[in-house]
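Novice: Kindly generate the corresponding structure for this input.
(one chain, ligands or ions: 2)
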Amino acid sequence: MSLLELQHISYRYPLTPELTVKDLSLKVEPGEVLGIVGGNGSGKTTICNIMRGFIPSFYKGELEGKVVFEEQPLDTSNLGSLAQKIGYAFQNPFTQITGVKYSVYDEIGYGLENLSVPREEANNKIEQVIELLNLQKIRNQNPYDLSGGQKQMVALASVIVLDPELIILDEPTSQLDPSSTLAVYDIVKNLKEQGKTIIIVDHKVDLLAQICDEIAVIQDGQLALKGETHHVFSDKKVIEAGGQLPEVSDFYLQVHPEAKKVPVTIDEAYKMLKEAKV
Ligand SMILES: Nc1ncnc2c1ncn2[C@@H]1O[C@H](COP(=O)(O)OP(=O)(O)O)[C@@H](O)[C@H]1O
Ligand SMILES: [Mg+2]
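Specialist: Ligands and ions are numbered 1, 2, ... in the order given. Predicted coordinates for the structure are as follows:
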């Protein structure tokens, strides 16, 4: 049973002549981590908004096809309660800050408050997420005074605290320095171990290769490639489709263009070299 299924989705934004998403079908299994890659403007954020019901409810436009979540057509009649099941961290963290809370602590608790979670339970959850994301130092700061990277971490905290079934992360590390980026990927690993289903849009394919079960490549609103991470990242078509290969796969394919088994992470390359006694 898939957790989420897009069936023949096509979508046109209002007042736009062309389709932004074209006959796109894909399935996301429970507990899976799916990486989505593709060039800028290929439709990744639009697809995320379709998956979480904001298209068409909020953006309007014309949507064809079906979004099935937990074996039911996605119920977009109450986007607030849907956010508890499908968490979404925006590509741009500046638009995610609520603007009505004066501390990071209250900002993270905003969604819980909206869902009328009892105060004590909410406090426990907020404390846990602050610990997990290492936000102790900024817990009392005003969200507006944070750096882009800190805002992005708070946005992620606001999603995780609701403990949704499906977590959609749209370029969650775009504002982050390398060490915070690795911290986010560690958190994703941790969520994966807890059995969460995660969709992560990112250009950082070397990191995606380490955590994703499957990779989807979006090109011009269509699904160009999708499959098991090794399979997709062994295929040069990813580059033709506007994506990138992990550096180590790219290098390996240059040395062995006909290779059947391509390493996608440094660890794998190391093991293969060791076994080959090179
Ligand atoms: N609100 C909107 N109205 C009209 N067109 C939009 C809107 N948002 C995005 N688009 C267009 O849809 C296409 C896909 O955008 P987007 O989904 O943001 O791509 P990506 O996330 O892959 O960079 C782009 O051509 C973009 O200009
Ligand atoms: Mg985007």
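Novice: ok, Gly53 - how many residues close by?
Specialist: 22 (other CB atoms under 10 Å). (Each C-beta comes from the backbone N, C-alpha and C, glycine too.)
Novice: helices or strands up against the helix or strand harbouring Leu225?
Specialist: Counting by DSSP states H and E, the element that carries Leu225 is strand 222-228. Judged by 3 or more CB pairs under 8 Å, 6 or more residues apart in numbering; DSSP states H and E, strand 222-228 is in contact with strand 21-28, strand 214-219, helix 237-240.
Novice: Any buried residues in that strand, and which?
Specialist: By neighbour count on 16 or more other CB atoms under 10 Å, the buried set for strand 222-228 is Gln222, Leu223, Ala224, Leu225, Lys226.
Novice: Check what pLDDT the first one gets.
Specialist: According to the model's per-residue confidence, Gln222 sits at a pLDDT of 98.
Novice: Check which helices and strands the lengthiest helix in the chain is in contact with.
Specialist: Longest helix in the chain, counting residues (DSSP state H): helix 178-193. On a contact count with 3+ CB pairs under 8 Å, 6+ apart, helix 178-193 meets helix 148-160, strand 197-201, helix 205-211.
Novice: who's in contact with Phe94?
Specialist: Contact analysis of Phe94 by CB atoms under 8 Å, 6 or more residues apart in numbering lists Gly148, Lys151.
Novice: Wasn't it part of a strand?
Specialist: No. With DSSP: H, G, I helix; E, B strand; the rest coil as the criterion, Phe94 is helix rather than part of a strand.
Novice: and the gap between it and Asn114?
Specialist: 21 Å (CB to CB, to the nearest Å).
Novice: Present the helices and strands packed on helix 178-193 as a markdown table; the columns should include mean neighbour count and distance to Lys274.
Specialist: As requested, the helices and strands packed on helix 178-193 are exported to a markdown table (neighbours: other CB atoms under 10 Å; distance: least, CB to CB, whole Å):
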| stretch | mean neighbour count | distance to Lys274 |
| --- | --- | --- |
| helix 148-160 | 23 | 36 |
| strand 197-201 | 24 | 30 |
| helix 205-211 | 21 | 19 |
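Novice: what's the angle from the longest helix of the chain to helix 148-160?
Specialist: 10 degrees (axes from the mean of the first three to the mean of the last three CA atoms, to 10 degrees).
Novice: what number of residues lie near whichever residue of the stretch 51-200 of the chain sits closest to ligand 1?
Specialist: Here the stretch 51-200 of the chain gets closest to ligand 1 at one residue, Tyr59, 5.8 Å apart by CB to the nearest ligand atom. By other CB under 10 Å, 14 other residues sit near Tyr59.
Novice: residues touching it, list them.
Specialist: With CB under 8 Å, 6+ apart, Tyr59 has these contacts: Tyr13, Pro14, Asn49.
Novice: What are the phi and psi values at it?
Specialist: Note on Tyr59: backbone dihedrals following degrees, to the nearest 10 are phi -90, psi -10.
Novice: separation between the residue of the chain at minimum distance from ligand 2 and Leu245?
Specialist: Of all residues in the chain, Thr45 sits closest to ligand 2, at 3.2 Å by CB to the ion. Separation of Thr45 from Leu245 (CB to CB): 22 Å.
Novice: So for those two, which residue has more residues nearby?
Specialist: Set Thr45 next to Leu245 and count neighbours by other CB under 10 Å: Leu245 wins out with 24 against 18.
Novice: is it true that that one touches Lys236?
Specialist: Yes. Counting by CB atoms under 8 Å, Lys236 is a contact partner of Leu245 at 7.4 Å.
Novice: Need the overlap of contacts for those two.
Specialist: What both Leu245 and Lys236 touch, as defined by CB under 8 Å, 6+ apart, is the set Leu253.
Novice: In contact with Leu4, which residues are there?
Specialist: Counted by CB under 8 Å, 6+ apart, Leu4 has contacts Lys27, Val28, Met51, Val67, Val68, Phe69, Leu166, Thr197.
Novice: could I get the contacts of Tyr59 as CSV with secondary structure, neighbour count and distance to ligand 2?
Specialist: Output for those, formatted as CSV (DSSP: H, G, I helix; E, B strand; the rest coil; neighbours: other CB atoms under 10 Å; distance: CB to the ion, whole Å):
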residue, secondary structure, neighbour count, distance to ligand 2
Tyr13, coil, 17, 14
Pro14, coil, 9, 19
Asn49, helix, 20, 10
